[in-house]
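>>> sequence plus predicted model, see below.
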Amino acid sequence: MKPSAIPAGNVDIHTHVVPAEFPSYLGHRLGVRWPSMAEAQPCHRHVMLDGKVYRTVSHQCWDCAVRLADMDAMGIARQVLSPMPELLSYGLDGDDGQVLSRFLNEAIAGMVQAAPTRFTGLGAVPLQDVDMAIRELDFLLHQLGLAGVEIGSNINGVSIGDARFLPFFEAAERWGAAIFVHALRPAGMERLVGPPILEQALAFPGEVGLAAASLLTGGTLARCPNLRIAFSHGGGTLAQLLPRLQHAWECFPALQAAMPTAPREAARTLYYDDLVYDTSTIAYLLQTFGPTQLMLGSDYPFAIMDPDPVGRLAALALDEPVLALLRHGNAARWLGLQATAA
């Protein structure tokens, strides 16, 4: 069951899980891109997709004792666990995606059960089939006790602001689910020049910014005003897009008809992690989105993670009430939990 309160302390809302093993594919289709694990160097395993190594991950991804020791060293009181984004597997058929989602959800629920005062879990749903996604959301919230879900920034190339996903967001709002949006298969990859890591370094921010903007411009937020939804990597480029979108909204009646609330105001109802690797940028996000919407995030345990997110916040020299919001208060509100006093 999910906890009723978050104690004062640093809550890292952006961390990922990869199970130590995956079940064999038991469906009836051929050539399914089903994940598996293969042994690698000590304490590491290869995540295999299509018979190829997708990523090599360490036991930090599945070993609770290792995670807890790392959290203590980093000054993190609680981690919010979510799947490695590629495991959301929107390319599978809906029923296969539901089977994999259920496995991930039960694995994450098991980790939470192992350390319920240190972990909060976000699961996965097969959004390639909205009806199945709603049923799995119901299960993971009400049977497994997870706090919500991680979703991709697009579903097989369709933005999350598309009207076809509105029933899912309505269900999430109705049931009080927290949603965490992570970049996945970003747009613009054909424009990158350089090594593959540029996908994460350069393409993720634009992808997340467009995903967030789609919820504003597509009407989802207007229809679901109480939706608790957070965006990874500081909302990507959204903070830089807002002045232009605001100006266009003031100039063009068609945008005002599509968005009853001004973009600047609507953006301040969303949540964001502070994973931008730069204190001056965090300060800009605070100015743009407000101190009640930003939360601590690290991307643990992957190579691009911020190794000292707590120290980065401390370097901002914020007033204690604002710092408390960023450390745990905003996370508690986003997750639908209580925050205890420091």
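Perfect, I can see it now.

>>> where does the prediction get shaky in this structure?
Scanning the chain with the threshold set as pLDDT under 70 gives 1-7, 339-342.

>>> ok, longest helix in it?
Counting by DSSP state H, the longest helix found in the chain is helix 94-114.

>>> what angle separates the helix or strand just after it from helix 94-114?
Of the helices and strands lying after helix 94-114 in sequence (DSSP states H and E), the nearest is strand 119-123. Following axes from the mean of the first three to the mean of the last three C-alpha atoms, to 10 degrees, one obtains 180 degrees for the angle between strand 119-123 and helix 94-114.

>>> chain center to the next helix or strand after strand 119-123, what's the gap?
Scanning forward in sequence from strand 119-123 by DSSP H and E, the next helix or strand is helix 130-142. On the basis of C-alpha atoms, centre = their mean, to the nearest Å, helix 130-142 sits 17 Å off its chain's mean C-alpha point.

>>> what is helix 130-142 packed up against?
helix 94-114, strand 148-152, helix 166-175 (3 or more C-beta pairs under 8 Å, 6 or more residues apart in numbering; DSSP states H and E). For every residue, glycine as well, the C-beta is placed using N, CA and C.

>>> can I get those in CSV including mean neighbour count and distance to residue 78?
CSV is the format used below for those (neighbours: other C-beta atoms under 10 Å; distance: least, C-beta to C-beta, whole Å):
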stretch, mean neighbour count, distance to residue 78
helix 94-114, 20, 11
strand 148-152, 27, 15
helix 166-175, 18, 22
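
>>> reformat the ones you listed into CSV and put distance to residue 16 next to each item.
Shown next, in CSV, are the helices and strands packed on helix 130-142 (distance: least, C-beta to C-beta, whole Å):
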stretch, distance to residue 16
helix 94-114, 10
strand 148-152, 9
helix 166-175, 21
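
>>> with just CA atoms, put the longest helix of the chain into PDB.
Provided in PDB are the C-alpha atoms of helix 94-114 (Å, rounded to 0.1, in the frame of the first residue of the first chain):
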ATOM      1  CA  GLY A  94      -2.200  -3.900 -26.700                       C
ATOM      2  CA  ASP A  95      -2.600  -7.300 -25.000                       C
ATOM      3  CA  ASP A  96       1.100  -8.000 -25.100                       C
ATOM      4  CA  GLY A  97       1.700  -4.500 -23.700                       C
ATOM      5  CA  GLN A  98      -0.700  -5.200 -20.900                       C
ATOM      6  CA  VAL A  99       1.100  -8.400 -19.900                       C
ATOM      7  CA  LEU A 100       4.500  -6.600 -19.800                       C
ATOM      8  CA  SER A 101       3.000  -3.600 -17.900                       C
ATOM      9  CA  ARG A 102       1.500  -6.000 -15.300                       C
ATOM     10  CA  PHE A 103       4.900  -7.600 -14.800                       C
ATOM     11  CA  LEU A 104       6.600  -4.200 -14.400                       C
ATOM     12  CA  ASN A 105       3.800  -3.000 -12.000                       C
ATOM     13  CA  GLU A 106       4.100  -6.100  -9.800                       C
ATOM     14  CA  ALA A 107       7.900  -5.800  -9.700                       C
ATOM     15  CA  ILE A 108       7.800  -2.200  -8.700                       C
ATOM     16  CA  ALA A 109       5.100  -2.900  -6.100                       C
ATOM     17  CA  GLY A 110       7.400  -5.600  -4.700                       C
ATOM     18  CA  MET A 111      10.200  -3.100  -4.300                       C
ATOM     19  CA  VAL A 112       7.900  -0.600  -2.600                       C
ATOM     20  CA  GLN A 113       6.800  -3.400  -0.200                       C
ATOM     21  CA  ALA A 114      10.400  -4.200   0.600                       C
END
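
>>> what's it packed up against?
strand 11-17, strand 78-83, strand 119-123, helix 130-142.

>>> closest to residue 280 out of these?
For the helices and strands packed on helix 94-114, the distance to residue 280 is smallest for strand 11-17, at 19.9 Å, taking C-beta to C-beta.

>>> next SSE after the closest one?
Next along from strand 11-17, by DSSP H and E: strand 36-39.

>>> going by neighbour count, list what's buried in the helix or strand following that next one.
Using DSSP H and E, the helix or strand that follows strand 36-39 in sequence is strand 44-49. Neighbour-count burial for strand 44-49 flags 45, 46, 47, 48, 49 (criterion: 16 or more other C-beta atoms under 10 Å).

>>> ok, the most centrally placed residue in the chain - contacts?
Of all residues in the chain, the one closest to the mean position by C-alpha atoms, centre = their mean is residue 180, 3.2 Å from it. By C-beta atoms under 8 Å, 6 or more residues apart in numbering, the residues touching residue 180 are 13-14, 80, 82, 122, 148-151, 229-232.
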